[in-house]
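In: starting from these lines, generate the structure:
(one chain, ligands or ions: 1)
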Amino acid sequence: MDEKKVMLSGIQPSGDLHLGNYLGAIKNWVERTEEFDNYYFMADMHTITVRQTPADLRRRTLEQLALYIACGLDPEKNTLFIQSHVPQHAELGWVLQCYTMFGELSRMTQFKDKSAKHQDNINAGLFAYPSLMAADILLYQPDFIPVGEDQKQHCELTRDIAQRFNHVYGDVFKIPEPYIPKTGARVMSLNAPDSKMSKSIPEGCIFMMEKPEDIQRKFKRAITDSDTENCVRFDPANKPGVANLMSIYSAITGKSYAEIESEFACCGYGKFKPAVGDAVVECLRPIREEATRILADKAYLENVYKTGAEKASYVANKTLRKVYKKIGFVAR
Ligand code: TRP
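Out: Below is the predicted model of the structure:
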């Protein structure tokens, strides 16, 4: 039997998980459970590049794990773990910093954006973050990294770092390919459809654990478009708000854009917006309920993240030992 290809991804628990994380990432992860050998983690070490409230970080990390499971990621078939529980990330992260150039890190657009936003805390971790991300990835020798547009530059850098290292020491790291899923919605903000749905614009963001009435209110207030046509038609260039709602509706119901256009042909936005809201509410309801149940079962959750960290650590350690040997560290 062929070995399965390895896939890895992580999300920072710096904000509550939202519909964009679900439709754009987690839902696809669930569908790939059988096809790949999967590692998914809570990137808690990355979040502290920006100041966090400790109690919130802890709550969001566990909630993120409970939601991964509630969304259908089976912990028996996927390795689910908390980044800080696998010390090899920090260890390889340090090594790779020494193989990452100042100039490369200076060119990262996320660093430029975040340092502009947090002028009072432009710390070394924020600058060196892509080296830690490279370590996150390269430890598991994955074939693919499924990431969004905003992380492409970091994935490119990961490949450059891996190639640089391999060039000196031989084939230590597998060079991972970015993975562009066949489906998967890029969910935009409900009230600013030219930017990605994000926690930083809460009114345009649907959180996974949010109450149904709040979800409905946000959909009713969603921006459609500035023309007076009042017609549900897929036209991302001229009607980005409507296109975004259609893509959310399509991702949840499986209906094509043509089917959605004919379904709402005669009713305009007044009916369409609450219909999308209903679909989202019903999609999230069982997930929220299951996540709440899992969160209450501390022993189960603890068992999942401990088992996950053990499995991850086993694999990560093999890569790290190889790296330490190659660079000349004395074996423990
Ligand atoms: N940098 C990613 C983000 O901000 C999160 C992340 C950290 C990640 N390490 C990773 C994603 C490794 C994929 C692979 O969204």
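
In: what residue ranges in this protein score low on pLDDT?
Out: 1-2, 182-184, 226-228 (pLDDT under 70).

In: near the ligand, which residues of it show up?
Out: By CB under 6 Å from any ligand atom, the residues of the chain that approach the ligand are 8-10, 12, 43, 46, 133, 136-137, 145, 147, 151, 154. In short, each C-beta sits where N, CA and C put it, glycine included.

In: could I get the full set of helices for the stretch 201-332 of the chain?
Out: Using DSSP state H, counting those that start in this stretch, the helices of the stretch 201-332 of the chain run over 212-220, 240-253, 257-263, 268-296, 298-327.

In: returning to what we had before: I'd like the residues of the chain next to the ligand as JSON lines, with distance to Phe329 and neighbour count appended.
Out: Shown next, in JSON lines, are the residues of the chain next to the ligand (distance: CB to CB, whole Å; neighbours: other CB atoms under 10 Å):
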{"residue": "Leu8", "distance to Phe329": "25", "neighbour count": "26"}
{"residue": "Ser9", "distance to Phe329": "29", "neighbour count": "23"}
{"residue": "Gly10", "distance to Phe329": "26", "neighbour count": "24"}
{"residue": "Gln12", "distance to Phe329": "30", "neighbour count": "20"}
{"residue": "Ala43", "distance to Phe329": "26", "neighbour count": "22"}
{"residue": "His46", "distance to Phe329": "25", "neighbour count": "22"}
{"residue": "Met133", "distance to Phe329": "23", "neighbour count": "26"}
{"residue": "Asp136", "distance to Phe329": "21", "neighbour count": "28"}
{"residue": "Ile137", "distance to Phe329": "21", "neighbour count": "26"}
{"residue": "Ile145", "distance to Phe329": "27", "neighbour count": "24"}
{"residue": "Val147", "distance to Phe329": "31", "neighbour count": "19"}
{"residue": "Gln151", "distance to Phe329": "30", "neighbour count": "18"}
{"residue": "His154", "distance to Phe329": "26", "neighbour count": "21"}
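
In: return the closest of those residues with respect to Ala265.
Out: When the residues of the chain next to the ligand are compared for distance to Ala265 (CB to CB), Val147 wins out at 37.0 Å.

In: quick one: contacts for the closest residue to that closest one other than its chain neighbours?
Out: If the residues on either side of it in the chain are set aside, Val147 comes closest to Cys155, at 5.8 Å by CB to CB, 6 or more residues apart in numbering. Going by CB atoms under 8 Å, 6 or more residues apart in numbering, Cys155 touches 137, 145, 147, 176, 178.

In: Lys211: how many residues sit nearby?
Out: 11 (other CB atoms under 10 Å).
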